[in-house]
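K.L.:
below are the sequence and a predicted model; questions follow.
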Amino acid sequence: MTDQEPDITEKVEQESQEAGEEQVIAGEVLPAEAEEAAPEEALASLRQELEDAQARQAEYLDGWQRARAELANARKRFQREQGQAYDSARADILVRLLPIVDDFQRALENVPEEASNDPWLEGIRLIERNFQHVLEQEGVSAIADAGQEFDPFLHQAVTHEPSDSVPAGHIISALRTGYRMGEQVLRPSMVRVSSGPEAEATPGDDTNDD
């Protein structure tokens with residue numbers, strides 16, 4: 001080796017060190033302040049994303065609860081309307097049967113005396129009782145009339161006539177029986193209504209002009 005070799009080695013090491021420093025500068029090493037700021041920005045971003053997610057969750061939950069309440073209300077409304085339609089159809093059928101019951105009652109009230117013991121009459125009475133039983137099973141009952149106070153919701157006045165035994169505004173008798181199903185009136189009773197005792201003529205009402 002010559003005396004120049006150590007100088008060459010030192011020169012190579014120096015050049016290598018300078019190249020390393022240039023690479024560090026080229027790599028743009030962040031200062032300490034920038035390294036500390038980066039996690040804080042990331043944390044703030046995560047917090048904002050969490051808040052946005054929670055807001056969306058609350059919005060979705062509110063929408064789901066509203067939809068569930070609307071569905072429950074729609075189901076109740078459908079069941080109520082279905083029940084009302086059934087009651088209306090049932091009432092319509094029962095009203096159609098009432099004239100048949102009327103015919104049986106009139107027939108049985110006007111049986112000739114000579115036919116009162118005929119076997120077929122008991123069959124007619126049995127049919128009439130079966131009709132009444134069907135009405136009772138459906139919750140249908142006759143409206144009380146005689147002696148009751150006149151009620152325009154239950155009764156239809158055919159006549160107003162004086163009566164000494166029935167107070168004014170009360171029913172003397174029914175010309176046609178009415179029926180109700182629970183609180184619903186299927187058919188009002190046709191009745192005679194008392195107007196009270198007949199007014200007596202007072203002396204002096206009939207005066208003769210001379």
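P.N.:
Arrived safely.
K.L.:
which residues of the chain score low on pLDDT?
P.N.:
Across the chain, residues meeting the criterion (pLDDT under 70) sit at 1-37, 200-210.
K.L.:
distance check, Pro162 against Arg192.
P.N.:
Here Pro162 is placed at a distance of 11 Å from Arg192 (C-beta to C-beta, to the nearest Å). Where C-beta positions appear, they are placed from N, C-alpha and C, glycine not excepted.
K.L.:
if you count surrounding residues, which of these two has more?
P.N.:
The neighbour comparison of Pro162 against Arg192 (other C-beta atoms under 10 Å) goes to Arg192, with 18 against 13.
K.L.:
just the endpoints, please. Distance across stretch 111-121?
P.N.:
9 Å (C-alpha to C-alpha, to the nearest Å).
K.L.:
give me the contact list for it.
P.N.:
Applying C-beta atoms under 8 Å, 6 or more residues apart in numbering, stretch 111-121 has no contact partners.
K.L.:
so what's the residue nearest to Glu138 when sequence neighbours are not counted up against?
P.N.:
Leaving aside its chain neighbours, Glu138 sits nearest to Leu94 (6.0 Å; criterion: C-beta to C-beta, 6 or more residues apart in numbering). Residues counted as contacts of Leu94 (C-beta under 8 Å, 6+ apart) are 135, 138, 140, 179, 181, 186.
K.L.:
wouldn't the fifth one be in contact with Ala142 here?
P.N.:
Spelled out, that is Met181. No. Between Met181 and Ala142 no contact is recorded; they are 11.4 Å apart, counting by C-beta atoms under 8 Å.
K.L.:
returning to what we had before: show me which of the contacts of Leu94 is closest to Gln148.
P.N.:
Nearest to Gln148 among those: Tyr179, at 14.9 Å, using C-beta to C-beta.
K.L.:
so how far is Val101 from that closest one?
P.N.:
8 Å.
K.L.:
any common contacting residues for the two?
P.N.:
Leu135.
K.L.:
and Met181 and Ala142? which has more neighbours close in?
P.N.:
Using other C-beta under 10 Å as the criterion, Met181 and Ala142 rank with Met181 on top: 17 against 14.
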